[in-house]
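**Q** model the structure of this input:
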Amino acid sequence: MMIDRKSSLRRGGSTAVRVRTALACALVAVTLNPRIASATLGEDGTTVERDRVQMQAQRNVTQSTAYAVHELQLPGGLQVHEYVTSANKVFAVSWNGPSIPDLQVLLGAHFARFSAAAHASGRSRAPVVVHDADLVIQSAGRPRAFFGMAYLPQQVPAGVRVEQLR
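**A** Model (predicted):
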């Protein structure tokens, strides 16, 4: 039996192909959007100012005894929170808004693990979860309502509960 690929694609093709294509498009769109970027997880906290300027964001810093929260409010409504230890290391990041931040920049060296988890889910709109001893990433949402968080469990300051981070 011969399958006419063109007519199959016109009808939408297989579900697996559509899902993979949608996921690939989403990852490419996130990667190619240079306007949305954030300090890199596990790196120096001085990158927050660079990102504020690049994103044309308003920044509000809240200091606690264990860490500082740098809230970046972007013109499009996206909020990015960067959690910086007293040793000036980004130990967690979170996002909430109408779009997804540039996760490749946000997660840095950890992006490959996020990408692998996204591909493994096999569904373009499924939440993505990485829960390892050294890295936790949770990302979910729908158009105009995305949210997520990533943190390094070993770098979370003593006495800080992850539930406190928003």
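
**Q** in the protein, which spans are helices?
**A** Counting by DSSP state H, the chain has helices at residues 5-10, 15-32, 47-55, 103-107, 111-121.

**Q** can you give me the strands in this structure?
**A** 58-63, 67-73, 79-85, 90-97, 128-131, 136-142, 145-151 (DSSP state E).

**Q** which among those is found nearest to Phe114?
**A** The closest of the strands of the chain to Phe114 is strand 136-142. By C-beta to C-beta, the value is 5.2 Å. To be clear about C-beta, it is placed using only N, CA and C from the backbone, and glycine gets the same treatment.

**Q** angle of the closest one against strand 145-151?
**A** With axes from the mean of the first three to the mean of the last three C-alpha atoms, to 10 degrees as the basis, strand 136-142 and strand 145-151 are set at 180 degrees to each other.

**Q** please compute how far strand 136-142 lies from its chain's middle.
**A** Taking C-alpha atoms, centre = their mean, to the nearest Å, the mean C-alpha location of strand 136-142 is offset from the chain mean by 7 Å.

**Q** same deal with stretch 82-97?
**A** Worked out by C-alpha atoms, centre = their mean, stretch 82-97 lies 12 Å from the chain centre.
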